[in-house]
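>>> need a 3D model of the following:
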Amino acid sequence: RGGGGGKKKSRSLATRVFEHPNIAVEWNVTVDRFEGNTDGLRRAICRRATKDGGSGQGAAADAELTVRASAAFVSIGHEPNTGLFRGQLALAAGGYLDMSEAGRSTRTSVAGVFAAGDLADRQYRQAITSAGSGAQAALDAERYLSEQGWTD
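From the prediction side, this is the model:
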């Protein structure tokens, strides 16, 4: 609806999260694994990022951190994880996959390769967008395979 209320609401929600007695916010950590059993999640095994901004691996890394948890939300940050595709698929500014020729399709610069979610969507970068565009990429891949003569 506009009016600039979104930032105020986000700040209010963040304050509620930080003040909630059952929520712990851990900054600058990488989750190595989650542990639990059939009763559910029990803990997250993490490591803190090094002071130089590294991954936390190597001699300068802090000790392993165990966080007791029955639920977890992991934010992956704002940089698209496209390093795997450098030199193989065209990248746009900011490291996102270049989807400029795709229109509303999920096609990339290589025939038969489709992209979805955060690494292809520089505007929205949200989980629901990723889920929706994942379904879109699956349909595009199915159509492509059909056009190539692949059958069941």
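>>> give me the mean pLDDT for stretch 73-84.
Mean pLDDT, computed over stretch 73-84, is 75.
>>> and if you look at stretch 117-131?
Mean predicted confidence for stretch 117-131 is 68.
>>> specify the local secondary structure of residue 67.
strand (DSSP: H, G, I helix; E, B strand; the rest coil).
>>> beta partners for it?
Beta-bridge partners recorded for residue 67 (DSSP bridges): residue 44.
>>> tally of neighbours for it?
By the criterion of other Cβ atoms under 10 Å, residue 67 has 14 neighbours. To be clear about C-beta, it is placed using only N, CA and C from the backbone, and glycine gets the same treatment.
>>> my guess is it contacts residue 41. True?
No - in terms of Cβ atoms under 8 Å, residue 67 does not count as a neighbour of residue 41; the distance is 10.5 Å.
>>> remind me, longest helix of the chain?
helix 127-147 (DSSP state H).
>>> give me the distance from it to the chain's centre.
17 Å (Cα atoms, centre = their mean, to the nearest Å).
>>> just for the chain, where's the confidence low?
Low-confidence segments of the chain, defined by pLDDT under 70: 1-9, 50-62, 76-78, 123-130, 151-152.
>>> okay, strands next: where are they in it?
Along the chain, the segments classed as strands by DSSP state E run 29-37, 40-48, 64-68.
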